[in-house]
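Enquirer: how does the following fold in three dimensions:
(2 chains)
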Amino acid sequence: MQRNWNFLRLTILLMLAFTLQACGAANAIKKAETTEQRAYAAYGEFTIVEEQAAKLVSSGQLDNRSIAAIGRADEAAKNVADPMIELTLEVTAIRREFEEGGGTGQERYISAANNLNGWVTRLIPLIANLQSAKEGAEQ
Amino acid sequence: MNPLQLVMIAINGLSVLTNNPLIGGGSNLKLQEASKLLSLLGELVTRGEEGYEELKAFAATIEAMVEENRAPTPEEWAALKARSDAAHDVIQEARRRAEAELAEEEEEEELDLTELTDEELDALAETHGVDTDEAEDREELEALVAAAIAASKEE
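Expert: Below is the predicted model:
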């Protein structure tokens, strides 16, 4: 059993490396380094998927249930994505304050950045849900 | 299948495999799933759909931002949000229409044709393109209208 597990673990690690390499070219979130860049990358990916979904629902090719499903997934993602904008601008302002003055600014920045990261983490699966709803409708 | 979904499937698949504590007897099956995921990844690399190209282009703008060591500007956020708002409005308007039509269909589903007056039944028949002259009697007209309603739901 241990031998099988080691082989499986190696396979999984190889797959993970391959996945990251394969999707690296189009993975904006992975390319981002700071929290603000990551939030912008997540919002951008959401927007691109949303635009594709908008073209699809306008195409006249979908039934009403598929359109409704895409609409619900879009609303759920948008409700998380939009508040991120204000949060990100706030994080940027706090970061500048910290970089200029140091001191307690660092604690505020870490707290704000962690909060923003939480929102980004919430948004990512919602983007996947929207993409799934879109793909499900296309099939 | 869109490359982004392939990525999500692969990543979800990896998550399932890594989180499943049951190894040993099930490991052969998991290795077969791993092979399937690898072939999906191969497809991912070679596809070039519109969304994938857009994502690549956007990823390049993030790379540039990283190189410049800066945060997105309020203007960049505003431009992106404007695009999202426009797409969102289209989707939600389509959703409103779709849900209204679905609600109407559900009302018709619950409709007991035998309880309609002759005039109401004739009006419903006309709505669904049923020629009332084709029916010899009321019962037959009800059957034709019911069939037309069922057919419209399948479309």
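Enquirer: host element of the residue in chain A positioned nearest to chain B?
Expert: Minimum separation of chain A from chain B (CB to the nearest CB) falls at A:Gly71, amounting to 2.7 Å. For glycine as for every other residue, the C-beta is placed from the backbone atoms N, C-alpha and C. For A:Gly71, the host element (DSSP states H and E) is helix A:64-101.
Enquirer: buried residues, that helix. List them.
Expert: Under the neighbour-count criterion of 16 or more other CB atoms under 10 Å in any protein chain shown, helix A:64-101 has A:64, A:66-74, A:76-78, A:80-81, A:84-85, A:87-89, A:91-92, A:94-95, A:97-98 buried.
Enquirer: can you check stretch B:139-150 too?
Expert: B:141-142, B:144-146, B:149.
Enquirer: ok, back up a step: tell me what the helix holding A:Gly71 is packed against?
Expert: helix A:35-57, helix A:105-138, helix B:74-110 (3 or more CB pairs under 8 Å, 6 or more residues apart in numbering or on different chains; DSSP states H and E).
Enquirer: among the ones you listed, which comes closest to A:Ala28?
Expert: Proximity to A:Ala28 (CB to CB) singles out helix A:35-57 among these, at 3.9 Å.
Enquirer: average pLDDT across the closest one?
Expert: Taken as a whole, helix A:35-57 has a mean pLDDT of 93.
Enquirer: again, but for stretch B:127-141
Expert: 90.
Enquirer: so what's the nearest residue to B:Leu144 once chain neighbours are set aside up against?
Expert: Spatially, and ignoring its direct neighbours in sequence, B:Leu144 is nearest to B:Val130 (4.9 Å; CB to CB, 6 or more residues apart in numbering or on different chains). For B:Val130, the contacting residues are B:141, B:144-145, B:148, by CB atoms under 8 Å, 6 or more residues apart in numbering or on different chains.
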